[in-house]
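Chemist: just coords:
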């Protein structure tokens, strides 16, 4: 599998608005993009630190995956996203090596990325996202 870099770290939060002062005033980052991804029932906010991005994930519905994550585990790191030139090829390779897939095909994500997730049961407890432009 070809991984080019860590694309971002996803952090589950109850409220992006409540988190903004920490990232902007304490860490000195500027939020450069906030968007809602309707089909994932999530609002996202992005910050850039060098070449790595932090994505805050706020649930927009109690049925969202992020709401369930926060209810079960609290706020915190949700996933790590790796950039790859071909998400489908990466999924196919992972599946051929016995990795359980959450997504069998890439789907639209925030910032116009094509994304797919690998199940944490197969990735030693770390929810892993594969993504490409």
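Modeler: Great, that's in hand. Bear in mind the structure is a predicted one, so any value in this text is a computation, not a measurement.

Chemist: Tell me the spacing between residue 14 and residue 74.
Modeler: Here the distance between residue 14 and residue 74 works out to 9 Å (CB to CB, to the nearest Å). All C-beta spots, glycine's among them, are computed from the backbone N, C-alpha and C.

Chemist: Which one of these two is surrounded by more residues?
Modeler: For residue 14 and residue 74, the more surrounded residue by other CB atoms under 10 Å is residue 14, and the numbers stand at 14 against 9.

Chemist: was I right about that one contacting residue 57?
Modeler: No - shown here, residue 14 and residue 57 do not form a contact pair, counting by CB atoms under 8 Å, at 10.4 Å.

Chemist: So which residues of the protein form helices?
Modeler: Listed in chain order, the helices of the chain (DSSP state H) span 16-21, 65-73, 87-96.

Chemist: What sits closest to residue 41 if chain neighbours are left out?
Modeler: With CB to CB, 6 or more residues apart in numbering as the measure, residue 64 is the residue that lies nearest to residue 41, at 3.5 Å, once sequence neighbours are left out.

Chemist: wait, doesn't the one you found sit right on residue 42?
Modeler: Yes - at 5.8 Å, residue 64 counts as touching residue 42 under the criterion of CB under 8 Å.

Chemist: Looking at those two, which has the bigger crowd around it?
Modeler: Higher neighbour count among residue 64 and residue 42: residue 42, with 24 against 19, using other CB under 10 Å.

Chemist: How about the contacts made by the residue nearest to residue 41?
Modeler: Residues in contact with residue 64 (CB atoms under 8 Å, 6 or more residues apart in numbering) are 40-42.
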